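Engineer: Model the following, please.
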Amino acid sequence: MKKKVLILGSTGSIGRSTLDVIENQLDRFEVYGLVCRDNIELLNRQIQTFKPKYVCIFHREQEKNVLFDRKRLFFGMEGILNLINTDVDIVLNALPGSVGLNPTIEALKANKILALANKESLVMAGRIVTKLIKKGSSRLIPVDSEHSALYQLLKNVKPSQVKSITITASGGPFRKHKKKALKTVSPEEAMNHPTWSMGKKVTLDSATLMNKGFEVIEAKWLFKINHKNIKVIIHPQSIIHGMVEFIDGSFTAYLSHPDMRLPISYALNEGKTTALNLKRLNLEELKRLTFYSPDFVRFPSLKLAYDALDEGDSALVVLNTASEVASQAFVEGKIRFTDIPLLIKKALDNHKLKKVIEDMDEIWHYHNWAKEFGEKIIGDMKK
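Structural biologist: Numbering: from 1, shown residues only. Coordinates of the predicted model:
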């Protein structure tokens, strides 16, 4: 029987790569549903190629542009949640930002296999997500290349054997910039990632290194490891994606050519490696692999993530939401690149701390507070 796959964010970079993986494994998977926010032109091409049973778009006013049976067309968040509760087998959540949280929660409650590419789900609600996994029969398999690497490295390892885990980072487009030069970088420069082709939000987060901060938070919940034992190292070649250090001083590492189709295929195949016709890593052609410590002075966002982990659950929600607000303001030209971590820190310093949150309403309370606070700060800066 083919597995039915629902792709949330089908026109984004992860969604497109997922469809490429499925197209080459049509004996195993069928595209059951596609969810798209804005790129209706590409969505129509995907509909024509993959003939999904259901489609969901975010904005009802775009209905007239979608070339699909109106009886099987859904709308907005309600439509996404309804689709998750059909007889779909695998939900691949590649929605960007906090909008991806509710679908994650719904997929776990519905006991689906969740292939997770939405970082914000674990950053905002890691405690709630992990409790849902324990309680039901759902499975969460990470799609991020770093977490997929660590997931595979730790698969048959006892926690008592592990001393630390390491997440690698390319360093982003500004790895060699002086601190002063960062004040004048443009959104266009920030979107020019040296290694990966990604969506706008995650690309900008990579430029500030907030992306790695989010990945540290995800790793804490995914692998149940103290964040003080989760390291980040700059590795510009993006060949090593994750490493595990053992208590005896030895290491294991996951190496591959940087291609998101590898972790996507691993997640869709429920933790199994399969033959893929992709570019192979040729060790003989590698001239060198280099590693550098992250610079917390030039890129303070990474330190803010570690600090938020020290503080507790409310700080993680505020960190995520303030980052969303600040990133959008930078893209719109309202603040400078170096203002992003300053705004996030202000939000963290001014919120009412709560160490443990186990209720979704509280998550959204802190999210809404941070959004309003961030937008006010940006408004005051413009005056």
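Engineer: how about low-confidence regions in the stretch 51-200 of the chain?
Structural biologist: 193-199 (pLDDT under 70).
Engineer: what about the helices in it?
Structural biologist: Using DSSP state H, counting those that start in this stretch, the helices found in the stretch 51-200 of the chain span residues 76-84, 101-109, 119-135, 145-153, 187-190, 200-208.
Engineer: Just name whatever secondary elements the fifth one is in contact with.
Structural biologist: Translated: helix 187-190. helix 200-208, helix 313-331 (3 or more CB pairs under 8 Å, 6 or more residues apart in numbering; DSSP states H and E). To be clear about C-beta, it is placed using only N, CA and C from the backbone, and glycine gets the same treatment.
Engineer: cool, the first one as well?
Structural biologist: In terms of contacts (3+ CB pairs under 8 Å, 6+ apart), helix 76-84 is packed against strand 3-8, strand 29-36, strand 54-57, strand 73-75, helix 101-109.
Engineer: Give the buried residues for that helix.
Structural biologist: For helix 76-84, burial by neighbour count (16 or more other CB atoms under 10 Å) applies to 79-81, 83-84.
Engineer: Likewise for the fifth one?
Structural biologist: Of the residues in helix 187-190, those buried by neighbour count under the rule 16+ other CB under 10 Å are A190.
Engineer: chain center to it, what's the gap?
Structural biologist: 20 Å (CA atoms, centre = their mean, to the nearest Å).
Engineer: Same check on the second one?
Structural biologist: Mean-position distance between helix 101-109 and its chain equals 15 Å (CA atoms, centre = their mean).
Engineer: Chain neighbours aside, what residue packs nearest to D359?
Structural biologist: Spatial nearest neighbour of D359, chain neighbours left out: I128 (7.9 Å); criterion: CB to CB, 6 or more residues apart in numbering.
Engineer: So what's the residue count around the one you found?
Structural biologist: 23 (other CB atoms under 10 Å).
Engineer: tell me the contacts of it?
Structural biologist: The contact partners of I128, taken as CB atoms under 8 Å, 6 or more residues apart in numbering, are 105, 357-360, 363.
Engineer: What subset of those residues is buried?
Structural biologist: Applying 16+ other CB under 10 Å to the contacts of I128, the neighbour count classes 105, 357, 363 as buried.
Engineer: distance of V232 from A181?
Structural biologist: Plainly put, V232 is 22 Å away from A181 if you go by CB to CB, to the nearest Å.
Engineer: ok, these two, which is more surrounded?
Structural biologist: The residue with more neighbours, out of V232 and A181, is V232; 21 against 13, by other CB under 10 Å.
Engineer: what about the more buried one, is that helix, strand or coil?
Structural biologist: Of the three states, V232 takes strand under DSSP: H, G, I helix; E, B strand; the rest coil.
Engineer: Would you check that R127 makes contact with K220?
Structural biologist: No: R127 is beyond contact range of K220, at 10.2 Å (criterion: CB atoms under 8 Å).
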